[in-house]
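Asks: This is the structure alone, sequence omitted:
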């Protein structure tokens, strides 16, 4: 329902990430090729890490393709970790507080997909959020609730476990309310050092997710590509839909998986929600 | 923190209500004279009843004084019951879902004031909202939560009792959290027939509230005033701050009172929150 | 580049015109089928005639498909002459002053298409606008400039002649600047009584334009259609792209034509720009 | 009618400039003390120079005091030359293209004041703009027209002479149209190295303008002030209204003057518009 991009690597001008490639994220805001919705015009957001303790976020309710401030800012901001998200609302209002990425301290979170029948399960899910975190919820999306559930379940200490418990809870609560497939989507979260990405849906037909091939491999494949020469070996993109046209540049993340892009070796693991309702009380 | 106007009577062009009088509501959006905040530039809203079953609402995050659509619409819409509200945020984001008046079925609701320390008490208050109503909450203001508490406590059947219970709950929960003066403000609500207005604060120093003198009396006082000749005998305004310059046109609503403007005789009564926590379960 | 709808007939709720039909204008804002651009998300506007002397206009920079105020207003406003326009910018900023329909006194104007290479010819065209009208230009679009040229050339007295002279000037000036095909598009204009529609392009490959078949004919074709029973005999729609699914409901306006929908017999005529540059001085 | 701030010196976080001081520019957006208008809520803009060739600009139509993106960005952007402007419209629409600072190549421009009776003189002034620059005018303000006149008269080569000719033309054209006092205001412009500031009005009663005292002097006066210790000797602020509370920190720019803040010695000179109409043809 949305499209997103997560980057980690050598500092780059946001403009190159967002507008540069063929089928760039901004192009996808008008014409996505793989998305459930072709147009992602219900607001957008960008988050990045600079010199300050917490990441910056810029949220807008305009379509990304015609937002002049986004164009300006991305032509002047460099960053080594960047999250960008374009939204196709599944019902909640188009307002800045509903734009991804969401932030908590040093953490950013974004999501493509949905909690099915959120209207019916929202109250139960919100009640499971740590009361100390509850007042931080500013918008009304399923994605922000899921973020606060993951925080409640220890996202800052162990992201994969926390997300597995959060989605496990979503599935338990959803099924209690008779929802056949409670969760659908891909998620990215970061502390500014590593990026964790998740692909999962209750139905086993998840939104697409891709990560870029190792830059060294790409450089060997495309010795004349200047962009690749400028990137550090560990630069990596995770995206809901491939950008650009370099053959061999993208690997699909398998169904029911999570991975982490980090200094050192990246990892890819199976993802299994922790389903027991006992898991509710954090 | 905000300013509002409620009108009931002969159908009038919104423009006359909103822009016409000296010290009109739109002028107050820039320069309020009695408000806790001089500028009410954090969005606005208008609600009115036409031929359709439910009232219309128009919400905007622009300051009222420079909103071209408000100017346009109020020059073309006539109505016999009108609510208008200009906002000075006490912290919650400036977004359409936080703009008054709020609506539920045929009912409109608007509020000037605040639930003190809302951050601390919000979760408890939201939990007291009828689970069937809970998913209807679209924004993040104290005022909308209060509306849903009043609905939970039977607003549609007995507005004064429901509001007394809702504010009673706010006071109980607030005091439980150590808030000295949990509630402050004036409220207007309507079903399109009658308008109920409330003035109350835990501290006994409430925001100001005025209702217009009986039109017949005004006509006798000002036999040459054309505007007054055009209004039906029962036309009445309730406002947070007097409009215009007619001496004798306005009566202050006393502290801790509620009144109702309706076909037939208006009423004014003392307002006493129903304080027992037992009142929580509706 | 845009899509539009012009309605004249029995007063209808705007909602029925804008949201009701399959492939409605609001659906076209996300997924146009015939447009040069599939998405028309760069703002929109609606104009209608009520009891007041001048028509009302409502302009917004949000995409029409997610604008809550448009939904609200169109559920509460009835009118017998309605213009609605959804925009896909061809370069000028997305701002309310660039949203159609444009207004001058009792007249409304909207346009789908463009003045090619407007950047190069704008100054010459603006200089040809009557100096008394010049200060009324509020935005920066080619369409608004064209409207003011047509007003300069007598739109209020003789619309077809004025538009033929305005487009003639656009072609002369464009060719002087080496523009091969200076004009492209369809136009609708109204004084609240009649609606004039134009289809023309320098290249002879104009944007599409359709008018609805006579309501009596449609009623005979579809005796069970309730909507048709409610409309007066003279109700008529002119649209850039057919709405709904009634076979036989739509007639394409031929290339290089203008027509008028008015009380009495509608008309359709060939359209020929008045090309001489001598036509510049009004 | 507006308020502005121009900074040149050691790179600082925008937040410190915009939100830090008592009576900061953001506070002035709600409660200006010296302005012709107390509230400056009709949009704002910030421009700054980073590593890129041209400066960045961020424009918004929201009031500065409640804009969350401004708060975010200013907490993450450092710059050594910063322009910031808050707007109180004197009639032209509140839209991003009417927000200062305006940009041309490496140059920024902002203005507090107005061209009197702009409606009457606009066409003549716009005609005097270099036809090559004309298509760059994106908004509808007097301030942007003045900027393009100054560019036409050589702003990039000799700012004081160009501004004197531009305002001279405004006065000539204004008087031709019977305007008694054609110009009023203060202006700041920069190429990213030096900042030129102007204070002038036809009436001789100009908007206020202040520049900060030499940092070395301030440091001696306030040996314990930490902020001052962090600034380079040549850091300097030019503002329409003093910020903060340091006695002796501000010097008023005299009537009919222009000054330049630059590497090396600052300068202050008398300002005399070049009045002859012969000056029109650039």
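Replies: Arrived safely, thanks for sending. Source: prediction; values computed, not measured.

Asks: Tell me the secondary structure at residue A:28.
Replies: Judged by DSSP: H, G, I helix; E, B strand; the rest coil, the three-state class of residue A:28 is helix.

Asks: quick one: contacts for it?
Replies: By C-beta atoms under 8 Å, 6 or more residues apart in numbering or on different chains, residue A:28 lies in contact with A:3, A:35, A:40, A:86, A:241. All C-beta spots, glycine's among them, are computed from the backbone N, C-alpha and C.

Asks: Most neighbours out of the residues you listed, which is it?
Replies: Each of those was scored for neighbours by other C-beta atoms under 10 Å in any protein chain shown, and residue A:86 scores highest at 31 neighbours.

Asks: Settle this for me: that residue is touching residue A:2, isn't it.
Replies: Yes - proximity of residue A:86 to residue A:2 meets the contact threshold set by C-beta atoms under 8 Å, at 6.2 Å.

Asks: residue contacts, the residue in the stretch 1-150 of chain A positioned nearest to chain B?
Replies: Nearest residue of the stretch 1-150 of chain A to chain B, counting by C-beta to the nearest C-beta: residue A:95, 4.0 Å away. By C-beta under 8 Å, 6+ apart, the contact set of residue A:95 is A:43, A:61, A:139, B:93, B:95-97.

Asks: how about 7 Å then?
Replies: Residue A:95 makes contact with A:61, A:139, B:95-97, according to C-beta atoms under 7 Å, 6 or more residues apart in numbering or on different chains.

Asks: give me the number of residues near residue A:252?
Replies: 12.

Asks: State the distance from it to chain C.
Replies: For residue A:252, the distance to chain C (C-beta to the nearest C-beta, to the nearest Å) stands at 27 Å.

Asks: tell me which residues in stretch A:180-188 are buried?
Replies: Buried residues in stretch A:180-188, defined by neighbour count with 16 or more other C-beta atoms under 10 Å in any protein chain shown: A:182-188.

Asks: of the residues you listed, closest to residue C:8?
Replies: Using C-beta to C-beta, residue A:184 is the member of those that sits closest to residue C:8, with 45.7 Å.

Asks: Isn't that closest one up against residue A:117?
Replies: No - with contacts counted by C-beta atoms under 7 Å, residue A:184 stays clear of residue A:117, the gap being 11.4 Å.

Asks: what does chain A have sitting close to chain B?
Replies: Residues of chain A lying near chain B by C-beta under 7 Å from any C-beta of the partner chain: A:93, A:95-97, A:119, A:122-123, A:131, A:134-135, A:138, A:140.

Asks: Please tell me which one of these counts the most neighbours.
Replies: Most surrounded of the residues of chain A next to chain B: other C-beta under 10 Å gives residue A:95, at 27 neighbours.

Asks: any idea of the pLDDT on that one?
Replies: pLDDT for residue A:95: 94.

Asks: Quick check, the residue in the stretch 151-282 of chain A closest to chain D?
Replies: Proximity of the stretch 151-282 of chain A to chain D (C-beta to the nearest C-beta) peaks at residue A:192, 12.9 Å away.

Asks: Identify the contacts common to residue A:86 and residue A:2.
Replies: With C-beta under 7 Å, 6+ apart as the test, residue A:86 and residue A:2 both reach residue A:40.

Asks: circling back: of the contacts of residue A:28, which is the nearest to chain C?
Replies: Closest approach to chain C among these (C-beta to the nearest C-beta): residue A:40, at 10.2 Å.

Asks: Confirm that the closest one sits in a helix.
Replies: No - when three-state DSSP is applied, residue A:40 is found to be coil, with no helix at that position.

Asks: State the distance from it to residue A:3.
Replies: When distance is defined by C-beta to C-beta, to the nearest Å, residue A:40 is 5 Å away from residue A:3.

Asks: so what's in contact with the two at the same time?
Replies: Here residue A:40 and residue A:3 have A:28, A:32, A:86 as joint contacts, going by C-beta under 7 Å, 6+ apart.

Asks: Name the nearest residue to the last one, sequence neighbours excluded.
Replies: The one in question is residue A:86. Distance criterion C-beta to C-beta, 6 or more residues apart in numbering or on different chains; nearest residue to residue A:86, sequence neighbours excluded, is residue A:40 at 4.0 Å.

Asks: The one you found: what's it in contact with?
Replies: Listed by C-beta under 7 Å, 6+ apart, the contact partners of residue A:40 are A:2-3, A:28-29, A:32, A:86-88.

Asks: Stretch A:68-82 and chain D, are they touching?
Replies: Yes - interface with chain D: stretch A:68-82 contributes A:68-69, A:72-73, A:75-76 (C-beta under 7 Å from any C-beta).

Asks: Go through those residues and name the one nearest residue C:264.
Replies: Checking the residues of stretch A:68-82 next to chain D one by one against residue C:264 (C-beta to C-beta), the nearest turns out to be residue A:68, at 47.7 Å.

Asks: count of neighbours near the closest residue to residue A:188 other than its chain neighbours?
Replies: Residue nearest to residue A:188 in three dimensions, not counting chain neighbours: residue A:6, with 4.4 Å by C-beta to C-beta, 6+ apart. Residue A:6 has 27 neighbouring residues, counting by other C-beta under 10 Å.
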